[in-house]
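In: Provided below for reference: sequence and predicted model.
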Amino acid sequence: MQTSHRVRGIFWGSIFLLLTIAPLLILFVDALPAGRDFWVEFSVALAFAGLSMLGLQFGVTARFRHITSAWGIDIVYHFHRQISLIAFAFVLAHPLILFVVNPETMQLLNVIEAPWRARFGVAAVVLLIALVVTSLWRVQLRLQYEVWRLSHGILATLIILLAMLHVLGVGHYINSPLQRGLWIALTVIWIGLLVYVRIIKPIWMIRRPYAVEQIIPERGDSYTLILKPVGHAGFEHKPGQFAWLSLWNTPFAITEHPFSIASSAENDNHIAFTIKNLGDFTSTIANVKPGKRAYIDGPYGTFSVDRFTAQAYTFIGGGVGVTPIMGTLRTLADRGSTHDLTLIYGNPNWEDVTYREELEELKQRLNLRVIHVLEEPPDDWQGETGFVTAELLRRYLPADLEQHEYFICGPDPMMDAVEAALEELEVPLDKYHSERYNLN
Amino acid sequence: MRQMFANRLALATGIIVVLLAFAFAWVQSV
């Protein structure tokens, strides 16, 4: 990782930590008279911190390029998931501890007779449980991605609103000017983030539309969408990066999906995405008509050779996971690269090898070696079969393993296996780079 | 592998919060 990214990562990580614990620090400054019950106060402190952490998720998921580029947005989303589960535990601990130490507080669950402050609290926790359940088990609940995303945003906003009403209703630890100032500031930050993500950013995107120029069928039940910027210059990207694509009529609709950029970073006239039909939204790509309006939020991602200088690069791709690697190879070819390049490319069968013919052409323009690995090879197949294993990598990777930078992109099981294999081969951790798009 | 970093940061944040909450509750209760 470059030093500037590391410094930026530490800075924003510290800001997150500071904003998380700020409500706790303020509790110390303006505390209530001592002699209160330990467990009640412990549960209150956990809930304040949990609320602060949940509110900050509006910032964590706002896709600020300056912040996310420090780690990679897939890691930021993974952090969002983990820290939200911890915040959920803190918030849930609040009523549970109160029920144990003060069983009469269970009467507050009777929402018909309970005061409004308790109703707000109960409603916030119930909605938070719904949000966590639908996020962890979306697939098992057969919830469509688009429906889940919309409900996720609405639930998150309602939870924060109800929790704040609960805090104001109870009125503890918010009465001193310092405490009041902090909670007003936090609320303004949360609302500001929400307004930025849902209103300001879509308005900015609506002024920078794209049009579908061409749809090209590819091997492996995939389609390449070629888009051109309309009335603006598009955006510059680094090879291997990705963007959120929205193919509907307005960027205000929450119907965008992340895809790797398959076109060369040296060509800013158009942008290409290769999308595999996975039976969901991706099954509609084949029917998209040229001229259709699209919006692109990008570029994002740290899966780029431009971030890691080396003379030799090894790429390991599985199926349509080869897309960012293809974008990288096309870029390197346009730049007249002399790098020593190896692509180890796993696929189910020979007919479904996406970009098969173009990879052969790229071998003429680049110092590129392509090793195909097929699960179900044809009868006359002379090449590698099965899966990408440590034994296979050992045969193809050069002796000076630590001189290479390794880029891995494919299905999660393949990435886990390849990362374990590289570890087994004692490739240093900071030499291999991967990006996971399965953000669920 | 890269996800380990996010896991550790989340865990560290959680531990710091629990310690601070514990310290606050103790200060309030004595």
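Out: That came through fine.
In: Distance check, A:Gly153 against chain B.
Out: According to CB to the nearest CB, to the nearest Å, A:Gly153 and chain B sit 21 Å apart. From N, CA and C alone the C-beta is placed, and that goes for glycine too.
In: Backbone dihedrals for that residue, please?
Out: Main-chain torsions, A:Gly153, degrees, to the nearest 10: phi -70, psi -40.
In: Could you count how many residues lie near it?
Out: The number of residues packed near A:Gly153 is 16, by other CB atoms under 10 Å in any protein chain shown.
In: Any idea how many residues pack against residue 15?
Out: If you meant another chain, say so; for now it's chain A. A:Ile15 has 13 neighbours, counted by other CB under 10 Å.
In: if you could check chain B rather than the one you did, that'd help
Out: For B:Ile15, using other CB under 10 Å, the count is 11.
In: Contact partners for A:Val76?
Out: Shown in contact with A:Val76 (CB atoms under 8 Å, 6 or more residues apart in numbering or on different chains): A:Val60, A:Thr61, A:Ile67, A:Thr68, B:Ala6.
In: How many neighbouring residues does A:Trp244 have?
Out: A total of 18 residues lie near A:Trp244 under the criterion other CB under 10 Å.
In: where does the stretch 251-400 of chain A have low pLDDT?
Out: A:251-254 (pLDDT under 70).
In: can you give me the helices in it?
Out: Using DSSP state H, counting those that start in this stretch, the helices found in the stretch 251-400 of chain A span residues A:323-334, A:356-365, A:390-396.
In: longest helix anywhere in chain A?
Out: Scanning chain A for the helix with the most residues, using DSSP state H, yields helix A:73-101.
In: Enumerate the positions of that helix that are buried.
Out: Under the neighbour-count criterion of 16 or more other CB atoms under 10 Å in any protein chain shown, helix A:73-101 has A:73-84, A:86-88, A:90-95, A:97-98 buried.
In: do stretch A:269-289 as well
Out: Across stretch A:269-289, burial judged by 16+ other CB under 10 Å covers A:Ile271, A:Ala272, A:Phe273, A:Thr274, A:Ile275, A:Lys276, A:Asn277, A:Phe281, A:Thr282, A:Ile285.
In: quick one: contacts of that stretch?
Out: With CB under 8 Å, 6+ apart, stretch A:269-289 has contacts from A:144-146, A:210, A:212-213, A:215, A:217-218, A:220-229, A:234, A:237, A:243, A:245, A:247, A:255, A:257, A:259-263, A:296, A:319-320, A:323, A:326, A:354-355.
In: Buried ones among those?
Out: Using 16+ other CB under 10 Å, the buried ones in those are A:146, A:210, A:212-213, A:215, A:218, A:220-227, A:229, A:234, A:237, A:243, A:245, A:247, A:255, A:257, A:259-263, A:296, A:319-320, A:323, A:326, A:354-355.
In: ok so, going back, comparing the helices of the stretch 251-400 of chain A, which comes out most buried?
Out: By mean neighbour count, with neighbours taken as mean count of other CB atoms under 10 Å in any protein chain shown, helix A:323-334 ranks first of the helices of the stretch 251-400 of chain A at a mean of 25.
In: Chain B against chain A: which residues are in contact?
Out: Neighbours of chain A within chain B, by CB under 8 Å from any CB of the partner chain: B:1-3, B:5-7, B:9-11, B:13-14, B:16-18, B:20-22, B:24-30.
In: so what's whichever residue of the stretch 301-440 of chain A sits closest to chain B scoring on pLDDT?
Out: Proximity of the stretch 301-440 of chain A to chain B (CB to the nearest CB) peaks at A:Glu419, 5.1 Å away. Model confidence at A:Glu419, given as pLDDT, is 85.
In: what helix or strand is residue 13 on?
Out: Chain wasn't specified; assuming chain A. Applying DSSP states H and E as the criterion places A:Gly13 in helix A:3-29.
In: nope, chain B please
Out: helix B:3-29.
In: What mean pLDDT does the longest helix of chain A get?
Out: Helix A:73-101 shows a mean pLDDT of 94.
In: elements contacting the helix or strand just after it?
Out: With elements assigned by DSSP H and E, the helix or strand that comes after helix A:73-101 is helix A:116-136. The criterion is 3 or more CB pairs under 8 Å, 6 or more residues apart in numbering or on different chains; DSSP states H and E, and the helices and strands that helix A:116-136 contacts are helix A:73-101, helix A:145-170.
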